[in-house]
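Enquirer: Turn this into a structure:
(one chain, ligands or ions: 1)
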Amino acid sequence: MAAKPVYTLEDCKKHVSDKDCWLVVHGKVYDVTAFLEEHPGGYDVILTSSGKDATQDFEEIGHSNSAREMLNKYYLGEFAGGDSAPVTAKAASGSSSGSGFSFGLLLPLLLIIAAIVFQFYLKQK
Ligand code: HEM
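Expert: Presented below is the predicted three-dimensional model:
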């Protein structure tokens, strides 16, 4: 038997639009793009739950058994697991500047520069 494909959270985060939407429920990854318009609860709620582990969202609604059976139709592969934090607006829109610079580094850097300038200032006196 062929091995089932395994998808990571990072893979899932790339499919969070109404043209291409993946959902993770109970350790399985589903491609629910074709189901978005059909979903009785509306397509927006599914989109909001995409790109993360949506198990909790799915269960909180108390979906019927027929809703659970529907999942099989959209099965894509297994979920590799990991952080189930929601996709941030930044990650979803891809609008980050792309630079890896962290502002956490800026403060210590400024302090070092200030110390050097201050030493210079003291020597001048
Ligand atoms: C692929 C996954 C999903 C399938 C197959 C599915 C299927 C369904 C079905 C068949 C219904 C009609 C009621 C029922 O039979 O239980 C429903 C209702 C609903 N679903 Fe989903 N659903 C999915 C994912 C989600 C997710 C992730 C959310 C996010 C919160 C959600 C929220 C809702 C809501 C709010 C309703 C309306 C409940 C109501 O009218 O009382 N569903 N869904």
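
Enquirer: How many residues are close by Gly81?
Expert: Close neighbours of Gly81, defined as other Cβ atoms under 10 Å, add up to 12. For the C-beta atoms, the positions are set from N, CA and C on the backbone; glycine is no exception.

Enquirer: Pull up the gap between it and His26, please.
Expert: To His26, Gly81 is 12 Å away according to Cβ to Cβ, to the nearest Å.

Enquirer: ok, and the closest non-adjacent residue to whichever residue of the chain sits closest to the ligand?
Expert: Going by Cβ to the nearest ligand atom, the ligand is nearest to Gly41 of the chain, at 2.4 Å. Nearest-residue entry for Gly41: Ile61, 6.8 Å, with adjacent residues in sequence omitted and distances by Cβ to Cβ, 6 or more residues apart in numbering.

Enquirer: One more: Lys73?
Expert: Closest residue to Lys73 apart from its sequence neighbours, by Cβ to Cβ, 6+ apart: Phe35 at 7.9 Å.

Enquirer: what's around the one you found, how many residues?
Expert: 17.

Enquirer: same thing with the one 10 residues further on?
Expert: By the measure other Cβ under 10 Å, the count of residues near Val45 is 13.

Enquirer: do the same with Ser50
Expert: By the criterion of other Cβ under 10 Å, Ser50 has 26 neighbours.

Enquirer: Identify each buried residue in stretch 52-59, please.
Expert: Within stretch 52-59, the residues scored as buried using 16 or more other Cβ atoms under 10 Å are 52-55, 57-58.

Enquirer: Quick check on Ser66: phi, psi?
Expert: Phi and psi for Ser66, reported as degrees, to the nearest 10, are phi -70, psi -30.

Enquirer: measure it to Phe120 for me?
Expert: Distance, Ser66 to Phe120, by Cβ to Cβ: 76 Å.
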